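Novice: this is a predicted model, with the sequence first.
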Amino acid sequence: MAALPMTDEECRLATEGLSDQIELYANLLVRKGVSLRRGQELVLQAPVERADFARRVVAAAYRAGAGHVTVIWGDDVVSRLTYENCPLEFFEHTPSWQVEQLDSLAEDGAAFLFLEGQDPAILRGIDPAKPASASRARNTECRSFRDGMDFGRNAWCIAGVPVQAWANEVFPELSAAEALYRLWLLILEVSRADGDDPESAWETHNASFEKTKRFLNNHRFDALHYTAENGTDLVVGLPEGHVWDGGAGRTQDGVTFFPNIPTEEVFTSPDRLRAEGVVHSALPLVHAGQMVRDFWLRFEGGRVVDFGAEQGREMLRNIIETDEGSSRLGEVALVSKNTPIRQSDTLFFDTLYDENASCHLALGMGFPECVSGGVSMSKEALLEHGVNQSAAHVDFMIGTDDLCVTGICEDGTEVPVFVNGQWAWE
């Protein structure tokens, strides 16, 4: 029997009842997400619709000893109005004051916390070249900001907060009030923030990554072969000295932080020149407020040479053509179907969540920490080691329930890694 719908008053009271849990979530993001240190600056990016939760985070940061908190507000409606009314040329450069803001904060050692909550359809009908140009400009012109995160100089974390339009998309059958309440519940659950001690839960969760990383790092596979009934048949080469990572990250000065809350993936950077075959998407991709559905990519010599999509082909083209490196892979990530996000049987329409329900790949920037000694290498040296360089990094999900992944050793020996969407040993 289907559950009875909640009244708006019941939803209000139920959400108020989550207050203590939401407070623990705010503390988790500050204390474990970015591992804020005493006296450090925190930069908080937040949707204005969730100013209530942003204030909780600011208070948690000051309780943790923050030297100062800078809040950068975002608003879906204003963003859309900007894209509707400004010409493409406007988005080809980041305003100098924004470059100075982000770069100076990064250079001063700030931690960055990005609260993600967006209407998945907010940019529907907008020329996809505009958000693509804005993203490319920010990633190429705000160099200290971007390199601080890419090369482990700044701690950072992306985490979700519910906004109404997003909740309506995830739960279209519910009233607005109940959809928002249910999305809060789900975010807390899949973020392991629904118990009495979320911080301890994340320490335990982080320990669970170690066995998997040890298995992969000990085998030193030369390549991975992906196959699935939807037509996926892709071989991805791995660079010599590659390192599998996952769970907590670590800055160059030894601070442990969680780049994503939630996270279920182990990942590495592939050899940018070695990808051959076809891969099909398993879930929609929401990028820059637009949807790409039922798409495929064909690789030769590591580069996308052909692609198609039932919806959003132009956005996919803009991603692939962002720059020289955006047509190559920067990440391979393995995620079992036996995870809270996948088992929630919910499509979030948000990459932060959907990528942690599914094995995925990413076009664009690779990770310096995923090759031995990479964080000390120049970009030219990283390229020579096979680690891709790009202003883009766009994850897309390929993890079907029947996905199989085989590790190929240098001597040609094949080792099952994934069988039917889960680790071979599960």
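Specialist: Great, that's in hand.

Novice: show me where this structure has helices.
Specialist: 8-17, 19-28, 51-63, 76-85, 96-107, 129-141, 143-150, 164-170, 176-190, 198-219, 313-320, 340-343, 351-354, 379-384 (DSSP state H).

Novice: closest one to Trp156 among those helices?
Specialist: With C-beta to C-beta as the criterion, Trp156 lies closest to helix 143-150 of the helices of the chain, at 5.0 Å. Every C-beta, even on glycine, is put in place using the N, C-alpha and C of the backbone.

Novice: against which helices or strands is the closest one packed?
Specialist: helix 96-107, helix 129-141 (3 or more C-beta pairs under 8 Å, 6 or more residues apart in numbering; DSSP states H and E).

Novice: quick check: domain ranges of the chain?
Specialist: According to automatic domain parsing, the chain comprises the domains 8-190, 218-248+259-423.

Novice: just send the ones you listed back as a markdown table, with distance to Phe209, mean pLDDT and mean neighbour count too.
Specialist: Listed next are those as a markdown table, based on distance: least, C-beta to C-beta, whole Å; pLDDT from 0 to 100; neighbours: other C-beta atoms under 10 Å:
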| stretch | distance to Phe209 | mean pLDDT | mean neighbour count |
| --- | --- | --- | --- |
| domain 8-190 | 14 | 96 | 18 |
| domain 218-248+259-423 | 4 | 95 | 20 |
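
Novice: picking that back up, out of the helices of the chain, which is closest to Val305?
Specialist: That would be helix 313-320 among those, by C-beta to C-beta, at 10.1 Å.

Novice: for that closest one, packing partners?
Specialist: Helix 313-320 packs on helix 129-141, strand 285-287, strand 290-300, strand 303-311, strand 360-364, going by 3+ C-beta pairs under 8 Å, 6+ apart.

Novice: quick one: work out the angle between the fourth one and strand 360-364.
Specialist: By that I understand strand 303-311. Put simply, strand 303-311 runs at 120 degrees to strand 360-364, going by axes from the mean of the first three to the mean of the last three C-alpha atoms, to 10 degrees.

Novice: what does the first one give?
Specialist: For the pair helix 129-141 and strand 360-364, the angle between their directions (the same axes, to 10 degrees) equals 80 degrees.

Novice: other residues contacting helix 129-141?
Specialist: Residues from elsewhere that reach helix 129-141, judged by C-beta atoms under 8 Å, 6 or more residues apart in numbering: 83, 86, 88, 91-94, 98-99, 102, 123, 146, 288-290, 315, 318-319, 322-323, 391-392.

Novice: also the fourth one?
Specialist: Defining contact as C-beta under 8 Å, 6+ apart, one finds that strand 303-311 is touched by 275, 291-299, 313, 316-317, 320, 327-328, 363.

Novice: OK, contacts around Asn388?
Specialist: Asn388 neighbours (C-beta under 8 Å, 6+ apart): Ser269, Pro270, Arg272, Gly325, Arg328, Leu329, Gly330, Gly364, Met365, Gly366.

Novice: can you do 6 Å?
Specialist: Arg272, Gly325, Arg328, Gly330, Gly366 (C-beta atoms under 6 Å, 6 or more residues apart in numbering).
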